[in-house]
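Colleague: Compute the structure for the input listed below.
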Amino acid sequence: MDLTYEELKQQRLQKLFDDCQQQVLSQIIGPFGLSTAMFEDRNGGNVTTLHNFEREEADYIADKDISSHAKSRQDYQRKEYESTDFKQKSQQLRAGGVDGYTGKTTDAADMDLDHVTSLKTLAKNKKVHLALETGDSVEKVVKMANADENLVTTHKSINRSKGAGELDTFAEKNGERFELDPQKVAAAQKRSDEHISKTLNSALMKKQGKELLQTGGQQALQMGMRQALGLLLTELVNGLFNEFKVLIQHGVEAGKTLFEEIRQRLMRIIASVVKKIPDAVGQMFQGGVSGFMSNLLTFLLNNFLSTAKRFVTVIREGLLGLFRAFKMIFFPPEHMTAQQALQEGLKILTAVIVTSVGMLLNESIATFMATLPFLKPFADMLTPVLIGIATGLLSAFLAYQIDTFFDRSRFSLSEKMMDEMIADSKRREAFAGELVTLAEGSLGNIENYSKAVTQYQAIGASLATAAISTTATLASLERTTQETAVQVAKSAAVVAFINESQSEIDDFLKNL
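Modeller: Modelled structure (predicted):
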């Protein structure tokens, strides 16, 4: 039977009270409990991006890249980047006797072997240090710098005038003076740039790809375990709370000891947790995918902007919720209408937003609590609990508001009118039931009336027969009356004769 708006409102309020407990437990155990213990989020994420590496501070650099970051900030020392076989290679290439920048034939003794892209330029390039991991060694840089693609034989005067500067800039300013061939200069620069770009891009892709797989796999495992453990622990705590609440309210069942009662309740709780294991496996898979994707998303974002560790946490914790919300909205389950799916999806999305805001405020609240002398020893422990309680309650309240909003949208008319319409329909239903009862009674009466009419017809026929008999009887009585009258007249005459005879007799006797 459909509920009235007021009845539905009361149902929503009861659900709000139940959800408050569930949401608070989920928040304390999940994002503000297990995540804090299992994850050590850091500024910039787990994989160092070039954007973060170019920052002066090392706060956004992964631990393994800190030494490379420090190396990229050191003063240039040419000796570190010189190749041991440079002189030998110089002699081999200069033997050709052709200047690579002018195209002129030049005596080998008058030529040098020039780095098209100078060692100093490479040493100051942050991408070089990140991709080639110079914190351990600069050997990869030396190998790249001294590859044939980056070497050109040229006259000593050109090489020494160019120095550690850029070839393009040098050619623009001194091209006519040294009679440089623009095409040969451009070709040498292009060949060097392509070689360095290809080497660095390949090295950086391999480095970051490997790190993404390692850190993503680790985070996927941790997030999957957190989701599974969170579900099972929430079920366990809820079960303990509910069972012991009932135990306190109703006491120990008659005929049982307290130990037996507690043991039975614990067995029920364990059975309930065991039933949740298949759901926990599903949550583990979803959490694993979310953990891997959040690690990847954090890396992609840090290629353009530097995310603080609290934002890294928000991305990790919020991605699964966002995925669930959009899946619910755009791919609703078969048993749900589009409106119901939108309602549930908005509730999930609201919980994600509230949790994210709580995480962003976590450090600020912890810092504030640390300023209070009596709370300072417990600040790090109390802050997650307090924020978990606050976000849980707020999530439940907002979910209640969303349910109420959708309920009101379904009740397009005023509450009183809708309630009155429902009440009127109930009255109509009762009236219809009474009409059915009366109709059934009337049908019964009609049947009785039909039987009575049949009986009255039989009685009428009998009365008609009686009337005929009565008429005959009256005629007979009339004849009998006439005959009786004649007999009476005769009897009167006889009586008169007797009286007259008696008188004569009396007179005769007197005369004697």
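
Colleague: Please enumerate residues in contact with the helix or strand harbouring Val274?
Modeller: Taking DSSP states H and E as the criterion, Val274 maps to helix 258-275. With contact meaning Cβ atoms under 8 Å, 6 or more residues apart in numbering, helix 258-275 is reached by Leu232, Glu235, Leu236, Gly239, Leu240, Glu243, Phe244, Leu247, Val252, Glu253, Lys256. The way it works is simple: take the backbone N, C-alpha and C, and place the C-beta from them, glycine included.

Colleague: one more time with 10 Å, if that's ok
Modeller: Contact with helix 258-275 is made by 231-244, 246-247, 250-253, 256-257, 280, as judged by Cβ atoms under 10 Å, 6 or more residues apart in numbering.

Colleague: And stretch 430-438, by the same measure?
Modeller: For stretch 430-438, using Cβ under 10 Å, 6+ apart, the contacting residues are Ser442.

Colleague: Identify the residue nearest Ile387 in space, chain neighbours excluded?
Modeller: Gly358 (4.6 Å; Cβ to Cβ, 6 or more residues apart in numbering).

Colleague: Just list the residues touching that neighbour, thanks.
Modeller: 27, 31-32, 314, 317, 365, 384, 386-392, 394-395.

Colleague: and it, what pLDDT?
Modeller: You'll see Gly358 listed with a pLDDT of 76.

Colleague: Also the one 4 residues further on?
Modeller: At Asn362, the pLDDT value in this model is 72.

Colleague: That one and Lys347, how far apart?
Modeller: Remark: distance between Asn362 and Lys347 (Cβ to Cβ, to the nearest Å) = 23 Å.

Colleague: follow-up on the earlier one: okay, and the residue nearest to Ile387 sits in which element?
Modeller: Taking DSSP H and E as the criterion, Gly358 maps to helix 338-370.

Colleague: If you count neighbours, what's buried in the next helix-or-strand element following that helix?
Modeller: Next in sequence after helix 338-370, counting helices and strands by DSSP H and E, comes helix 379-410. Residues of helix 379-410 classed as buried: 379, 383-384, 386-400, 402-403, 406-407 (neighbour count, 16 or more other Cβ atoms under 10 Å).

Colleague: quick one: helix 379-410 to chain centroid distance?
Modeller: Mean-position distance between helix 379-410 and its chain equals 15 Å (Cα atoms, centre = their mean, to the nearest Å).

Colleague: so who does the nearest residue to Glu211 once chain neighbours are set aside touch?
Modeller: Spatially, and ignoring its direct neighbours in sequence, Glu211 is nearest to Val47 (4.6 Å; Cβ to Cβ, 6+ apart). Going by Cβ under 10 Å, 6+ apart, Val47 touches 62, 64-65, 207-212, 214-216, 295-296, 298-299, 302.

Colleague: do Gly165 as well
Modeller: So Gly165 contacts Ser118, Lys120, Thr121, Lys173, Asn174 (Cβ under 10 Å, 6+ apart).

Colleague: how close does the nearest residue to the last one once chain neighbours are set aside sit to Pro278?
Modeller: Excluding its sequence neighbours, the residue lying closest to Asn174 (Cβ to Cβ, 6+ apart) is Ser161, at 6.5 Å. Computed as Cβ to Cβ, the Ser161 to Pro278 distance reads 76 Å.

Colleague: Assign a three-state SS to the residue lying closest to Gln340 once chain neighbours are set aside, would you?
Modeller: Using Cβ to Cβ, 6+ apart and skipping residues adjacent in sequence, the residue nearest Gln340 is Pro332, 7.4 Å away. In three-state terms, and counting by DSSP: H, G, I helix; E, B strand; the rest coil, Pro332 is coil.

Colleague: Got the confidence number for Pro332?
Modeller: According to the prediction, Pro332 has pLDDT 83.

Colleague: who are the neighbours in contact with it?
Modeller: Per Cβ under 10 Å, 6+ apart, neighbours of Pro332: Ala338, Gln339, Gln340, Ala341, Leu342, Glu344, Gly345.

Colleague: Tally up the residues packed near Ala467, please.
Modeller: For Ala467, the neighbour count with other Cβ atoms under 10 Å is 10.

Colleague: thinking again about what came up before, quick one: contacts of the strand or helix carrying the residue nearest to Asn174?
Modeller: Assigned by DSSP H and E, Ser161 falls within helix 156-162. If you take Cβ under 10 Å, 6+ apart as the criterion, helix 156-162 is touched by 99-102, 106, 109-116, 118, 152-155, 169-171, 173-174, 177-180.

Colleague: What's the mean pLDDT across whichever helix or strand Lys198 is part of?
Modeller: For Lys198, the enclosing helix or strand under DSSP H and E is helix 182-250. Average pLDDT, helix 182-250: 87.

Colleague: re the thing from before, got the CA positions of the helix holding Ser161 in PDB?
Modeller: Taking Å, rounded to 0.1, in the frame of the first residue of the first chain, the C-alpha atoms of helix 156-162 are listed here in PDB:
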ATOM      1  CA  LYS A 156      89.100  25.500 -33.600                       C
ATOM      2  CA  SER A 157      88.100  29.100 -33.900                       C
ATOM      3  CA  ILE A 158      84.500  28.300 -34.400                       C
ATOM      4  CA  ASN A 159      84.400  25.700 -31.600                       C
ATOM      5  CA  ARG A 160      86.100  28.000 -29.100                       C
ATOM      6  CA  SER A 161      84.100  31.000 -30.100                       C
ATOM      7  CA  LYS A 162      80.900  29.000 -29.700                       C
END
